[in-house]
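below is the sequence, then the predicted model.
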Amino acid sequence: MDNPRPSGHHGGTVALIKRTVDSNNGGTFPRQQQHRTRREQVHWKAFLLSAFCLLRWILFLPFFGGVDKMRSSSEVPPLFLGDANRLFDDSDVWREIDTWYTGTDEWVVTFVDHGYLEAFDVWLHYYRKSITSEKYGAVILFLVALTEEAYARLQYCMQDTPNVIVSLAPSSVRTRKVGNASIWRYRLDFLHKILSKYPTKNILFTDIDAYFMKNPFSEIIFKGNEIQSPLSNANIVASRGAFPQYCPLVQDSLRTGSMCMGFIRFRNTVETRTFVTNVIQRQGNDDQVAINCVIHEGGHYRYNLIDQHWPIPNDNTAVLRYQYETNETGATRTASTFTVALMSYDIAVRYCDVGKVSEFENINNTDPNFLKERLQNAVIRHCMASKNGDSKMEMANKMGMNVRNSGESRNTLSCAAEPVVVH
């Protein structure tokens, strides 16, 4: 099929250059293309140019401290994969990622359905606004399209966006409705594979209505610095949810809660990979049930709470430390520790309506001033809404976050709008 790529978009007009996508490998690696054919190239000029580039590289390399520091985040082009499984099965993709994404330890992963593209436009605006630079390494955005229509739109609107990988979910997942159990199982399977295949990459799963109002890495994960932050060494840092009520992790009467899969970061360690493997074996039909209840119910491993504490002054963020060991008969019982951090509702807001009282908070949410201050100070706004694109946009409009109406994104391509093709 043809893969459109704009040469520019001035005044709302987008000129497109059609590039052929190799249907056998299911995707392309965008690079700057030479506009001359091989016959038109003069060999001695090519040789001189190569020699000049090599000389410049040798002369200037010491000033920049190596390849990784020379490559700024703006120099990493988008990568489009027609099949998400190529991320794990295709050695060419592995080499491409090793070459272009060296030193990028934080990957933000979200799943996009075509019915949520308008909400994704809003999410992307705040993501770009908050993730500007990261002293702990560049952040890579990984988008998994759940439908072919969503993938086509993402190819169009993300083509000029650096530090992004766009893939298409397997056909076995695309044939199911969003919200179907197969989607939730696929998310866990994807997480399990990516943690195992790329053991140096930490993975942050986020819903497209969990808006980044501030940089979650500098304001949550590494707040202060990597050593002092009480959350940087946690195996999992998650926003707080209410579901499933029958598997709460924090059991203090005023601070109960569970891990929410709508915003959750997995630090890639042996202990984390062991935990996710245990979740996969238990999973059932809901990823959030699986990830919380596996700690309660056990499985191949048994998790025992050692302690829980609240390290941030005047905040209900909880850090829970577990000891786990195998339950398998005859296996060597070597105990290891596993840490989960549950963010407070002040950091990651879930209840955004005045009068919407959280059953898990001892607060007066009917006070509009309290809610206004909470929303202003939040790092993540993940407001409760029905699971459909219209409800997500209704909530975004209510929060004054529909950036398409404000004109803030006039110079960016919309993923929800039909592509404009100029021949």
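That came in fine, so what should we check first?

which parts of stretch 154-173 are buried?
In terms of neighbour count (16 or more other CB atoms under 10 Å), stretch 154-173 has its buried residues at 154-159, 161, 163-169, 173. The way it works is simple: take the backbone N, C-alpha and C, and place the C-beta from them, glycine included.

now for those, which pair is the farthest apart?
The most widely separated members of those, counting by CB to CB, are Asn163 and Val173 (24.9 Å).

so where's the stretch 1-150 of the chain uncertain?
Counting by pLDDT under 70, the stretch 1-150 of the chain contains low-confidence residues at 1-75, 132-137.

helices of the chain, start to end?
Assigned by DSSP state H, the chain shows helices spanning 43-64, 67-70, 86-89, 91-100, 117-130, 148-157, 171-174, 181-197, 216, 270-282, 287-297, 368-377, 389-398, 403-406.

can those go into CSV with extra columns for distance to Cys383?
Below are those laid out as CSV (distance: least, CB to CB, whole Å):
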stretch, distance to Cys383
helix 43-64, 43
helix 67-70, 38
helix 86-89, 31
helix 91-100, 34
helix 117-130, 11
helix 148-157, 22
helix 171-174, 27
helix 181-197, 21
helix 216, 16
helix 270-282, 27
helix 287-297, 17
helix 368-377, 9
helix 389-398, 5
helix 403-406, 16
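
would you enumerate the residues in contact with Thr124?
Just so we're on the same page, residue 124 is Leu rather than Thr. Cys415 (CB atoms under 8 Å, 6 or more residues apart in numbering).

closest one to Pro311 among the helices of the chain?
helix 216 (17.2 Å).

what's in contact with that closest one?
For helix 216, the external contacting residues (CB under 8 Å, 6+ apart) are Ser130, Leu204, Phe263, Arg265, Val379, Ile380.

10 Å instead, please
Under the criterion CB atoms under 10 Å, 6 or more residues apart in numbering, residues 106, 108, 127, 130-131, 139, 204, 206, 210, 222-223, 237, 239, 263, 265, 343, 347-348, 379-380 lie in contact with helix 216.

where does the prediction get shaky in the stretch 251-400 of the chain?
Scanning the stretch 251-400 of the chain residue by residue, the ranges that satisfy pLDDT under 70 are 251-255, 283, 298-300, 326-334, 354-366.

would you map the strands across the stretch 251-400 of the chain?
With DSSP state E, counting those that start in this stretch as the criterion, the stretch 251-400 of the chain has strands at 258-266, 301-309, 318-326, 336-342, 348-349, 380-381.

CSV for those strands, including distance to Glu373 and mean neighbour count?
CSV is the format used below for the strands of the stretch 251-400 of the chain (distance: least, CB to CB, whole Å; neighbours: other CB atoms under 10 Å):
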stretch, distance to Glu373, mean neighbour count
strand 258-266, 21, 24
strand 301-309, 26, 14
strand 318-326, 22, 19
strand 336-342, 22, 20
strand 348-349, 11, 25
strand 380-381, 13, 22
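
give the contact list for the residue lying closest to Gly284 once chain neighbours are set aside.
Spatial nearest neighbour of Gly284, excluding adjacent residues (CB to CB, 6 or more residues apart in numbering): Ala290 at 5.8 Å. Taking CB under 10 Å, 6+ apart, we find Ala290 in contact with 184-185, 188, 244, 247, 261, 276, 278-284, 297, 299.

buried ones only from those, please, as a PyMOL command.
A single PyMOL command is used to select the members of the contacts of Ala290 judged buried by 16+ other CB under 10 Å:
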select buried, resi 184+185+188+244+247+261+276+278+279+280+282+283+299
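
out of the contacts of Ala290, who's nearest Thr337?
Proximity to Thr337 was ranked across these by CB to CB; first place goes to Asn278, at 14.9 Å.

picking that back up, do you know how far the residue nearest to Gly284 is from Cys247?
Using CB to CB, to the nearest Å, one obtains 10 Å as the distance from Ala290 to Cys247.

looks like Thr110 contacts Ala210 (just checking).
Yes - the pair Thr110 and Ala210 passes the contact test of CB atoms under 10 Å, sitting 8.5 Å apart.
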